[in-house]
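Visitor: Structure here, sequence nowhere to be found:
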């Protein structure tokens with residue numbers, strides 16, 4: 001699936017849930033709308049979250065020991081796997097399909113991980129919402145920090161998102 005399709009799919013979900021601006025983006029509410037069970041749990045340090053389909057029911061677990069910015073992205077990332085890759089034959093115990101989000105996935109080496117990352121970014125930092133917010137940045141505010149606060153993400157996540165959308169604030 002290409003990036004434009006991922007952007008469109010993420011935005012359609014936001015519309016279906018009734019999310020109209022950045023301050024309203026709640027990944028747990030989105031998961032609930034999609035009938036995905038989401039809960040925090042204690043995971044190994046190098047695992048941010050996991051997605052499992054067990055007995056036909058999707059589950060997301062995220063590492064409760066991580067910062068809110070990280071777990072929001074993790075939930076959005078795992079929702080990406082649910083929507084984009086639920087038919088991928090990666091099984092555990094022959095009944096469960098499972099995807100792990102760990103330090104290797106952040107390198108973008110695996111296409112499915114890159115797609116899930118793109119979906120997560122599009123879901124929690126939608127292009128349309130970003131473009132509206134970019135027009136309203138006060139002149140005395142640093143754009144990346146200002147937008148990161150509005151979208152409740154890390155400055156690094158916002159930097160990557162803006163760069164991937166073609167905006168240059170001299171960060172890279």
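Guide: Nice, thanks for sending it over. Because the structure is a prediction, the values reported are computed rather than measured.
Visitor: Just the pLDDT at residue 69, thanks.
Guide: The per-residue pLDDT reported for residue 69 equals 92.
Visitor: With adjacent residues omitted, what lies nearest to it?
Guide: In space, residue 69 comes closest to residue 154 once its chain neighbours are excluded; the distance is 4.4 Å by C-beta to C-beta, 6 or more residues apart in numbering. (C-beta placed from N, C-alpha, C; glycine too.)
Visitor: the strands in the protein, which residues?
Guide: Here the chain has its strands, by DSSP state E, at 37-41, 47-54, 57-63, 91-92, 96-102.
Visitor: Mind telling me which of the ones you listed the model trusts least?
Guide: For those, mean pLDDT drops lowest on strand 91-92, to a mean of 26.
Visitor: Report the central residue of the protein.
Guide: To find the centre residue of the chain, average its C-alpha atoms and take the closest one (C-alpha atoms, centre = their mean): that gives residue 120, at 2.1 Å.
Visitor: give the contact list for the closest residue to it other than its chain neighbours.
Guide: Beyond its immediate neighbours in the sequence, the residue positioned closest to residue 120 (C-beta to C-beta, 6+ apart) is residue 76, lying 3.6 Å away. With C-beta atoms under 8 Å, 6 or more residues apart in numbering as the criterion, the residues that contact residue 76 are 27, 30, 119-121, 123-124.
Visitor: at 6 Å what do you get?
Guide: 27, 120, 123-124 (C-beta atoms under 6 Å, 6 or more residues apart in numbering).
Visitor: Throw those into TSV and include distance to residue 167, thanks.
Guide: Putting the contacts of residue 76 into TSV (distance: C-beta to C-beta, whole Å) gives the following:
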residue	distance to residue 167
27	23
120	18
123	18
124	17
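Visitor: Farthest pair within the residues you listed?
Guide: For the contacts of residue 76, with distances taken as C-beta to C-beta, the pair at the greatest spread is 27 and 120 (8.8 Å).
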